[in-house]
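Colleague: quick one, fold the following:
(2 chains)
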Amino acid sequence: EVQLVESGGGLVQPGGSLRLSCAASRFTFSRYWMNWVRQAPGKGLEWVANIKQDGSEKYYMDSVKGRFTISRDNAKNSLYLQMNSLRAEDTAVYYCARGAIVDYASGNNWFDPWGQGTLVTVSS
Amino acid sequence: DIVMTQSPDSLAVSLGERATINCKSSQSVFYSSNNKNYLAWFQQKPGQPPKLLIYWASTRDSGVPDRFSGSGSGTDFTLTISSLQAEDVAVYYCQQYYSTPYTFGQGTKLEIK
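Modeller: Here you go, the predicted structure:
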């Protein structure tokens, strides 16, 4: 079964940094777009960023541009999210989610599967 | 950005009855070059990640019970559960993947009446 496992969440002070990781297994990681999606406590889902199979294209939601960086290491089957200048409003469970279509040229495909998520809390 | 608006925000339906959730996008998510609507539906239960139910607006994902169906085109979409089961209690989200930023509806909480 395809698996995505996030790690790296925790408590961080406003203005601080955190790096999330997502370990992928049981599928050819290098052939899929990958995404980060977040969910604030008790709130809805919010797409954060995505990255093309070879890392050549990256897209972000406006509120994280310049603060967050998505990256991947296909040799390690891993996805990352470097989060800098964190704010209280970044507090959320962060999910990694695979683009569903293999070898798709565009990132415009649905997300499946999703990891279990890792909680990021930004608070003093 | 494409704004996704679901209705209602919450819904209580009796077991065995039909549940209908609506989703409206602020602009069309239909791509004429491939005749596809870039719209997905997810189910989320407490403490779990979202689970894909429907993609391309009406294609049921593998393993999803056939009581779940999706319909609509352009800007107006519907998720229908034909006969509500106890395990269907969850929050349901629609999502457009037509263009970034990909956006979700606010969610509809489905409960048993």
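Colleague: distance between the ends of stretch B:36-54?
Modeller: 13 Å (C-alpha to C-alpha, to the nearest Å).
Colleague: and it, what's buried?
Modeller: B:36-44, B:49-54 (16 or more other C-beta atoms under 10 Å in any protein chain shown). All C-beta atoms are positioned from the backbone trio N, CA, C, and that covers glycine.
Colleague: how about stretch A:27-43?
Modeller: Per 16+ other C-beta under 10 Å, stretch A:27-43 contains these buried residues: A:Phe27, A:Phe29, A:Tyr32, A:Trp33, A:Met34, A:Asn35, A:Trp36, A:Val37, A:Arg38, A:Gln39.
Colleague: same list (these) but as a markdown table, adding pLDDT, secondary structure and distance to A:Gly115.
Modeller: Listed next are these as a markdown table, based on pLDDT from 0 to 100; DSSP: H, G, I helix; E, B strand; the rest coil; distance: C-beta to C-beta, whole Å:
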| residue | pLDDT | secondary structure | distance to A:Gly115 |
| --- | --- | --- | --- |
| A:Phe27 | 97 | coil | 13 |
| A:Phe29 | 98 | helix | 13 |
| A:Tyr32 | 98 | coil | 14 |
| A:Trp33 | 98 | coil | 15 |
| A:Met34 | 98 | strand | 11 |
| A:Asn35 | 98 | strand | 11 |
| A:Trp36 | 98 | strand | 10 |
| A:Val37 | 98 | strand | 10 |
| A:Arg38 | 98 | strand | 12 |
| A:Gln39 | 98 | strand | 12 |
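Colleague: between the residues you listed, which sits nearest B:Thr75?
Modeller: Taking C-beta to C-beta as the measure, B:Thr75 lies nearest A:Val37 of those, at 22.8 Å.
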